[in-house]
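Novice: fold the stuff below for me.
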Amino acid sequence: MDQTIVALRAVADSTDGASAASQTPDRRGRLRELLRTRWCPLLAACVAILIIAVVLVPRAFAPAQADGVVGSNGRLEAQPVDVTAKNGGRIAELLVDEGDAVAAGQILARMDVRAERAQQREAEAQGRQALRARESMEAAVAQRHSAAASSEALLAQRRSELDLAERNARRSTALAASGAVSVQRAEEDRSRLDTARAALDAAQAQRAEAQAGVRAAEAQRLEADAAVEAAAAQVERLQVQIDDGTLRAPRAGRIQYRVAQAGEVVAAGGKVLSLVDTSDLYMNIFLQQRDADRLAVGDEGRIVLDVAPDAPIAAHIAFISDVAQFTPKSVETADERAKLMFRVKVRVDAAALARGADRLRSGAPGIAYVRVTQREWPAQLQTGAR
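Specialist: Got it, this is the predicted structure:
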């Protein structure tokens, strides 16, 4: 304080020296008196405020530590989830707004799918046409099978006729040689034999044609079956596109942003909404190696939010990083090794999350505490059963 007064006096003296010709000893005395009576209390108040701000305030807001408990500042975080349009198109309507809580599977937006519905009706008509074509092919196959059966019967008849003609020709030839029958009769029987052989050949050719017709009809029926299946697949694919036009929440959470608005056109994969998964809130903190080495995944933790300092939240350790952060990769001395910081994820327990669903928000600042010994939690961090 005295140094400040001396400095002010020096400033006043320098001012007096610059205007010595116009200043009198009485005026210099009044200036010194003014500095002494008005400025000194003001400077003293400023110094006191600085002391409070630098020393007392940080202590008041510093994390309270207890034996066996370490803590670090952080913010509640939640996993962001983007709701995107699988297929490009125009947004028909948005059903939620920023800040709305949504359940898993809830409809959030609808895309304009009128073109897909028209294509689906066209595919359905093609499917009906393919069904009728398949029915016609089935009738043709049945007809071809009937023709094949007739050709088989005719072939059997021609074989029987040939057998009879062969016996008659042999008998008449033998009788004609002995003079029992005329030579003309023998020649007529041989002619009938040749006719029977020709008829058998024709029947065999007819049977082969009928069988080929059956195979052709069956191939056409298979094509008709494929056309029916293709039409059904087209209808199903378009139905999937129509269903994809209804954007649903992939999980429960809270809407953070409306990236696009109703009426806008988005590309395939374009973002429409962004939400955060409120069923998984956690806080990342950073601890020194000596503390991190005493922790294990699953150990209990506590989270105290700035907005509710008297309501600790039950939590547990979900992740401990194996890689140090905020330090050089190569550490040579023991002092440097002590400065290694490891990320620890402290996740809010499901029961605590259910009880405090309305007051727990992503981004809320606070302090996460973990125990590095087996001692009980201090009274201010007791929450009851996890």
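Novice: okay, strands next: where are they in the protein?
Specialist: 69-84, 89-94, 101-102, 107-111, 246-248, 253-258, 265-266, 271-288, 300-305, 308-325, 341-348, 365-371 (DSSP state E).
Novice: per-domain residue ranges of this structure.
Specialist: According to automatic domain parsing, the chain is divided into the following domains: 2-59, 60-81+277-381, 82-111+246-266, 115-244.
Novice: want to throw those into JSON lines with mean pLDDT?
Specialist: Converted to JSON lines, those look like this (pLDDT from 0 to 100):
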{"stretch": "domain 2-59", "mean pLDDT": "50"}
{"stretch": "domain 60-81+277-381", "mean pLDDT": "82"}
{"stretch": "domain 82-111+246-266", "mean pLDDT": "93"}
{"stretch": "domain 115-244", "mean pLDDT": "86"}
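Novice: buried ones in stretch 190-203, by neighbour count?
Specialist: Of the residues in stretch 190-203, R190, R192, L193, A196, A199, L200, A203 count as buried by neighbour count, 16 or more other C-beta atoms under 10 Å. Bear in mind the C-beta positions are built from the backbone N, C-alpha and C, glycine included.
Novice: which member of those residues is positioned nearest D280?
Specialist: A203 (81.2 Å; C-beta to C-beta).
Novice: contacting residues around Q239?
Specialist: By C-beta atoms under 8 Å, 6 or more residues apart in numbering, Q239 lies in contact with Q120.
Novice: 10 Å instead?
Specialist: Contacts were defined as C-beta atoms under 10 Å, 6 or more residues apart in numbering; by that measure Q239 touches E116, R117, Q120, A123.
Novice: drop anything exposed from those.
Specialist: The neighbour count (16+ other C-beta under 10 Å) marks E116, Q120, A123 as buried among those.
Novice: out of these, which is nearest to T173?
Specialist: Of the buried ones among the contacts of Q239, the one sitting nearest to T173 (C-beta to C-beta) turns out to be A123, at 72.7 Å.
Novice: isn't that closest one right up against A231?
Specialist: Yes - applying C-beta atoms under 10 Å, one finds A123 in contact with A231, separated by 5.8 Å.
Novice: ok, now how distant is W377 from A318?
Specialist: 19 Å (C-beta to C-beta, to the nearest Å).
Novice: neighbours around A139, how many?
Specialist: Look at A139: counted by other C-beta atoms under 10 Å, it has 12 neighbours.
Novice: wouldn't it be in contact with Q220 here?
Specialist: No - using C-beta under 10 Å, A139 makes no contact with Q220, being 11.1 Å away.
Novice: need the buried ones among the contacts of Q239 in CSV with distance to A351, can you?
Specialist: Formatted as CSV, the buried ones among the contacts of Q239 follow (distance: C-beta to C-beta, whole Å):
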residue, distance to A351
E116, 44
Q120, 47
A123, 50
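Novice: keep only those of these that are in helices.
Specialist: Members of the buried ones among the contacts of Q239 lying in helices (criterion: DSSP state H): E116, Q120, A123.
Novice: re the thing from before, narrow the buried residues of stretch 190-203 to those in helices?
Specialist: Reading helices off the buried residues of stretch 190-203 with DSSP H, I get R190, R192, L193, A196, A199, L200, A203.
Novice: quick one, what contacts the first one?
Specialist: Contacts for R190 were tallied using C-beta under 10 Å, 6+ apart; they are A165, E166, N168, A169, R170, S172, T173.
Novice: now swap in the last one and tell me
Specialist: For A203, the set of contacting residues under the criterion of C-beta under 10 Å, 6+ apart consists of S151, E152, A153, L154, L155, A156, Q157, R158, R159, E161, L162.
Novice: which among the residues you listed gets closest to D299?
Specialist: Among those, and counting by C-beta to C-beta, the member closest to D299 is E152, at 85.2 Å.
Novice: what is the burial count for the closest one?
Specialist: For E152, using other C-beta under 10 Å, the count is 15.
Novice: quick revisit: looking at W377 and A318, which is more packed in?
Specialist: For W377 versus A318, the count of surrounding residues by other C-beta under 10 Å is larger for W377: 18 against 15.
Novice: for that one, what are its contacts?
Specialist: A66, G68, V69, E300, G301, R302, P312, A314, Y369, R371, T383.
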